[in-house]
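**Q** what's the 3D shape of this:
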Amino acid sequence: MTKKYELTDNVITLNNGTVVKQIKALINIGDDVEAGDLGGYVESEDNLSHEGLAWVYDAAVVFDNAKVSGDARIYDNAQVFDDVCIFDEAWVSGNACVYNSAEVFGDAHVYNEAQVCGRAKVCGKAHIYGKAKVFDDARVYDDAKVFGDAEVNDYTVVKNSESICGKLVDTDDSIDTDSTVLETFIAGASDMLSAHARLMLIRQQCCETVGLTSTAEVVARFAADEAELLKTLKAVEESAQRLMEVVVK
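**A** Got it, this is the predicted structure:
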């Protein structure tokens, strides 16, 4: 196996006393790393595979038994440690931290000040960012996004195109596009959605509530009595609020 980098004499000592060494490319790696370029820091060559395009950039640090392989990239001031595995084409950047026995893979991105830890797995095209935290045995995948101050833990599964922002999710249940009550409340709470999007989600909940099969039917059903529609919408929102309070507890 041809080595793609070497450890230099440039070292830093982390707060926990671990000494890490800066890496230096011995060959061109992908389109943005040329032979002779300095990279980030690792504790040993066990932390960064010599195969694939995997690389540690900038002031990023990988140490303990953590492993970066495949075409994965660690950027900026990110820290990856403990028994973590980052592989495939996953990225960890910003001031993000991945630790314990977590795994980030596929085309997943973890950035800003996000944390992924415990035995959590983030994969697919999932994005974890802001100050979000995914931990315990949580799973986030597909095109899901967890951001803001959100915390996703326990055995929660966030998938499909679900977005979680600013709410603690602690449940054994999966969150997906079929969970209409929970989806309505979470989406409605997110300031990333427009009022129109919120209304459409609430109307979809009405479909389930009154047994109708389409948004068009909901509109037709309540068009003659706007007050009744608003009353129904309010009841749905209150129901979703109660459900979320139970989930948080």
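**Q** Now do the contacts for the closest residue to residue 69 other than its chain neighbours.
**A** Counting by CB to CB, 6 or more residues apart in numbering, residue 49 is the residue found nearest to residue 69 once chain neighbours are left out, at 3.8 Å. For glycine as for every other residue, the C-beta is placed from the backbone atoms N, C-alpha and C. For residue 49, the contact set (CB atoms under 8 Å, 6 or more residues apart in numbering) comprises 67-70.
**Q** just curious, which of these is nearest to residue 57?
**A** Ranked by distance to residue 57 (CB to CB), the contacts of residue 49 are led by residue 68 at 11.0 Å.
**Q** check contacts around the closest one.
**A** 47-49, 54, 56, 62, 74, 80, 86-87 are the contacts of residue 68 under CB under 8 Å, 6+ apart.
**Q** Which elements pack onto the lengthiest strand in the chain?
**A** Scanning the chain for the longest strand, with DSSP state E as the assignment, gives strand 5-13. Where contact means 3 or more CB pairs under 8 Å, 6 or more residues apart in numbering; DSSP states H and E, strand 5-13 is packed against strand 19-25, strand 38-42.
**Q** winner for burial among those?
**A** Neighbour counts (mean count of other CB atoms under 10 Å) averaged over each of these peak at strand 38-42, with a mean of 22.
**Q** distance of residue 57 from residue 148?
**A** 26 Å (CB to CB, to the nearest Å).
**Q** The protein - how does it break down into domains?
**A** Using automatic domain parsing, the domain parsing of the chain gives 1-91, 112-178, 180-248.
**Q** Lowest average confidence across the ones you listed, which one?
**A** Looking at these, the lowest mean pLDDT belongs to domain 180-248 (a mean of 50).
**Q** Any idea what residue 38 is bridged to?
**A** Partner residues in beta bridges with residue 38, using DSSP bridges, are residue 24.
**Q** Return the distance of it relative to residue 109.
**A** In terms of CB to CB, residue 38 sits 24 Å off from residue 109.
**Q** How about residue 148?
**A** Counting by CB to CB, the gap from residue 148 to residue 109 is 16 Å.
**Q** that older thread, show me the contacts of residue 68 that map onto helices.
**A** Among these, no member falls in helices (criterion: DSSP state H).
**Q** Can you select the buried ones from those in PyMOL?
**A** Buried members of the contacts of residue 68, defined by 16 or more other CB atoms under 10 Å, are picked up in PyMOL with:
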select buried, resi 47+48+49+54+56+62+74+80+86+87
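**Q** Pick the one among the contacts of residue 68 closest to residue 133.
**A** Nearest to residue 133 among the contacts of residue 68, with distances taken as CB to CB, is residue 80, at 15.5 Å.
**Q** wait, the closest one sits on residue 93?
**A** No - taking contacts as CB atoms under 8 Å, residue 80 lies outside contact range of residue 93: 10.9 Å.
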